[in-house]
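S.K.: Here you go, sequence then predicted model.
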Amino acid sequence: MAQADRTDQTIRFGAFEVDPRSGELRKTGTRIALQDQPFKVLLALLERPGEVVSRDELRGRIWPEESFGDFDHAVSVAVAKLRAALGDSAEIPRYVETLHRRGYRFIFPMSVPMGQEGANHDPGIFDSIAVLPLVNETADPETEYLSDGISESIINLLSRFPNLRVIPRTSAFRYKGREADLKAIGRDLKVRAVLTGKMIQRSNRLVVQTELVDVANDAQLWGGHFNRKVEDIFEVQEELARQISENLRLRLTPEDEKRLAKRPTQNRDAYQFLLKAQYHLNKPTREGLQRGLVYARQAIEADPGYAEAYAWVSAAYLWLGLFDFASPADVFPKAKAAAQKALEIDDSIAEAHAVLGHVRLFKEWDWSGAEHACMEAIKLNPNYAWGHATWSDWLIVMGRPEEAIAEERVAVELDPLSPSLNARLGSKLSLAGDYDRALKQLQNALELGPNSVLAHHALALTYARKGMYEEALATCQKVVTLCGSDPLGRALSCLVLVSAGKTDKAQKILSELKGHRKLHSWSLIVLAQSCSVMGMKTEAFELLEVAYQERAAWLVFLAAYPSFSNIRTDPRYGDLLRRIGLPG
């Protein structure tokens, strides 16, 4: 990719901003002390993100007139100081990666300069794309999995290119079945190119017609028509990805070419089973996850070496536990085992690393293991929004809320129309006390997903924290309706009522729920918060002890919840933190 001219523009990555004109590095607005030479190393790396900058190049740029007895030591010191300023690690790099005997590479995904969203420094190269779902024009709706699967496969293939921002499936598929105003889509998703198309299956023939459009100039970049046998689906997808990359004028490295040519399986039956699995797993209902799991297992039966199928099995088990469709104690170990099997076959699958990160964070309380898995996921696929989201959870658990919010913003930038990611960002803003921004973010999440339990839950708590108790209670009723027989809605109402000073009503709900057999991780923690606010310390610690014995997932956020402020001076609180392994 062409070298970007960033010498006079503010550069953003994660929580950091770099101002080349003033020579300043800032983190969430606060200046970070960094000496001149490490700063110049940073600029050199930022000018070519994702590319290797050799040590000789650094010497010629930063120390051109100087002679050294030990130049290697000088550059190593400069890089070490840069890493210290960024809070980075040479062993588990997040920003600056060392390539032995070659040089260094900046690996964190870049944000465009502020005020330049959607712009590209080189007008001849398109650096962002949204792949809209292919319209299925086959009369048989049972082939919907195929049109969706081809679209998702193209998204995944293009996401392998480190210098191309690809809108994830969640946001791209929100336009499914809608009239496409491509210019508006480009503006909303901040992309320069959009791919549209349709698919028809006739007997054993597969017809795919596509159009690649420059949305800024409303001009066609390329149009493709493929009429192949269904068994040639791999070739169709690879040719599509290749044509797209060429017409976006991307400059593919030999490594990119290898990524493009890499096939997940040679077994077409296994691939068809996995497409069906993905189709159902992308519907996060109990039935959808269970049906998707069946198809993913069939893919493995057809090809026992199919790493991506194991990755999807791991995701299915994880989601079954997260949505409380199955006991986390039962399914999280299965999620871990499937993810590990996927990585034994192919350790480059970012999604499997993210599943491991999630299990290690929420179930095993293995903080260093979770950190390593999250870093691997982001390193392998910087466009993977949920990799950043899981890393954001790790950051807030470790007591680093500003960085957690910045990381969640990266996830939302990558997948802007995801209701879940927008709700998560709103929730973290609320935990940090930024209630006005939290309310705005959560309202946006509900516009995208009106029935999001997470968004309504966080909205109710934000209203309560802001003293808007009527609005909080009204939102609680929505959660009760959405949750049905699940006790979460009632537990949330208890916490809001006690926050509003309506202790008698809160006590009644608390008494009803304490003997409830279906109290899961989330409800336990919410009820413990209610007891804390009411000053019922012993009852709060009893509930927290139950959560501890069950290794309840949400217990890892213990130190982040403001409702536990009443019990933080109690020795039992410090003891619980110590047993979980959380920072005090």
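M.R.: Arrived safely. Residues are numbered from 1 along each chain as shown.

S.K.: neighbours of residue 205, just the number please.
M.R.: 12 (other Cβ atoms under 10 Å). In short, each C-beta sits where N, CA and C put it, glycine included.

S.K.: ok now do it, which residues does it touch?
M.R.: Contact analysis of residue 205 by Cβ atoms under 8 Å, 6 or more residues apart in numbering lists 227, 228, 229, 230.

S.K.: switch the cut-off to 10 Å
M.R.: 227, 228, 229, 230, 232 (Cβ atoms under 10 Å, 6 or more residues apart in numbering).

S.K.: ok, what's across the strand from it?
M.R.: residue 202, residue 229 (DSSP bridges).

S.K.: ok, back up a step: can you tell me which of the contacts of residue 205 is nearest residue 442?
M.R.: Nearest to residue 442 among the contacts of residue 205: residue 230, at 44.3 Å, using Cβ to Cβ.

S.K.: What pLDDT is listed against that closest one?
M.R.: With respect to pLDDT, residue 230 scores 86.

S.K.: That one and residue 268 touch, don't they?
M.R.: Yes: between residue 230 and residue 268 there is a contact under Cβ atoms under 10 Å: 8.3 Å.

S.K.: Of the contacts of residue 205, which is the nearest to residue 200?
M.R.: Nearest to residue 200 out of the contacts of residue 205 is residue 227 (Cβ to Cβ; 9.4 Å).

S.K.: Can you tell me the closest non-neighbouring residue to that closest one?
M.R.: With sequence-adjacent residues excluded and distances taken as Cβ to Cβ, 6 or more residues apart in numbering, residue 227 is closest to residue 207, at 5.1 Å.

S.K.: Which helix or strand contains the one you found?
M.R.: Residue 207 belongs to strand 205-214 when assigned by DSSP states H and E.

S.K.: Repeat that for residue 26.
M.R.: Here residue 26 sits within strand 24-27, counting by DSSP H and E.

S.K.: burial of residue 543, as a residue count?
M.R.: Neighbour tally, residue 543, other Cβ under 10 Å: 24.

S.K.: Show me the helices in the stretch 451-584 of the chain, by range?
M.R.: 453-465, 469-483, 488-499, 503-514, 521-534, 537-549, 571-580 (DSSP state H, counting those that start in this stretch).

S.K.: no wait, the stretch 51-200 of the chain
M.R.: 55-62, 71-86, 144-158, 169-172, 182-189.

S.K.: can I get those helices in a markdown table with mean pLDDT and distance to residue 252?
M.R.: Shown next, in a markdown table, are the helices of the stretch 51-200 of the chain (pLDDT from 0 to 100; distance: least, Cβ to Cβ, whole Å):
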| stretch | mean pLDDT | distance to residue 252 |
| --- | --- | --- |
| helix 55-62 | 82 | 22 |
| helix 71-86 | 81 | 29 |
| helix 144-158 | 90 | 11 |
| helix 169-172 | 91 | 22 |
| helix 182-189 | 90 | 23 |
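
S.K.: what sits against residue 225?
M.R.: Residues near residue 225 by Cβ under 10 Å, 6+ apart: 197, 207, 208, 209, 210.

S.K.: so what does the worst-scoring helix or strand of the chain on mean pLDDT touch, helix or strand wise?
M.R.: Across the helices and strands of the chain, mean confidence by mean pLDDT, DSSP states H and E is lowest for helix 254-261: a mean of 76. On a contact count with 3 or more Cβ pairs under 10 Å, 6 or more residues apart in numbering; DSSP states H and E, helix 254-261 meets helix 144-158, helix 233-247.

S.K.: Keeping just the C-alphas, turn the first one into CSV.
M.R.: Which is helix 144-158. Taking Å, rounded to 0.1, in the frame of the first residue of the first chain, the C-alpha atoms of helix 144-158 are listed here in CSV:
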residue,chain,number,x,y,z
GLU,A,144,-30.9,-18.5,1.4
TYR,A,145,-28.0,-19.9,3.4
LEU,A,146,-26.0,-20.0,0.1
SER,A,147,-26.5,-16.4,-0.9
ASP,A,148,-25.8,-15.3,2.7
GLY,A,149,-22.8,-17.7,3.0
ILE,A,150,-21.2,-16.4,-0.2
SER,A,151,-21.5,-12.8,1.0
GLU,A,152,-20.1,-13.6,4.4
SER,A,153,-17.2,-15.6,2.8
ILE,A,154,-16.3,-12.6,0.7
ILE,A,155,-16.3,-10.4,3.8
ASN,A,156,-14.0,-12.9,5.5
LEU,A,157,-11.7,-13.2,2.5
LEU,A,158,-11.3,-9.4,2.2
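
S.K.: ok, and for that helix, which residues are buried?
M.R.: 145-158 (16 or more other Cβ atoms under 10 Å).

S.K.: Closest to residue 382 out of those residues?
M.R.: Nearest member of the buried residues of helix 144-158 to residue 382, counting by Cβ to Cβ, is residue 158, at 13.0 Å.

S.K.: Now do the same contact list for that closest one.
M.R.: By Cβ under 10 Å, 6+ apart, the neighbours of residue 158 are 129, 131, 164-167, 195, 240-241, 244-245, 248, 250, 260, 383.

S.K.: quick one: the helices in the stretch 251-400 of the chain?
M.R.: Under DSSP H, counting those that start in this stretch, the stretch 251-400 of the chain gives helices at 254-261, 268-281, 286-302, 307-322, 328-345, 350-362, 367-380, 385-397.

S.K.: For residue 452, find the nearest of the ones you listed.
M.R.: Comparison of those against residue 452 by Cβ to Cβ identifies helix 307-322 as nearest, at 13.8 Å.

S.K.: Who are the packing partners of the closest one?
M.R.: Judged by 3+ Cβ pairs under 10 Å, 6+ apart, helix 307-322 is in contact with helix 268-281, helix 286-302, helix 328-345, helix 350-362, helix 521-534.

S.K.: Which residue, neighbours along the chain excluded, lies closest to the residue most central in space within the chain?
M.R.: Central residue of the chain (Cα atoms, centre = their mean): residue 386, 1.8 Å from the mean position. Distances taken as Cβ to Cβ, 6+ apart place residue 354 nearest to residue 386, at 5.8 Å, with adjacent residues excluded.
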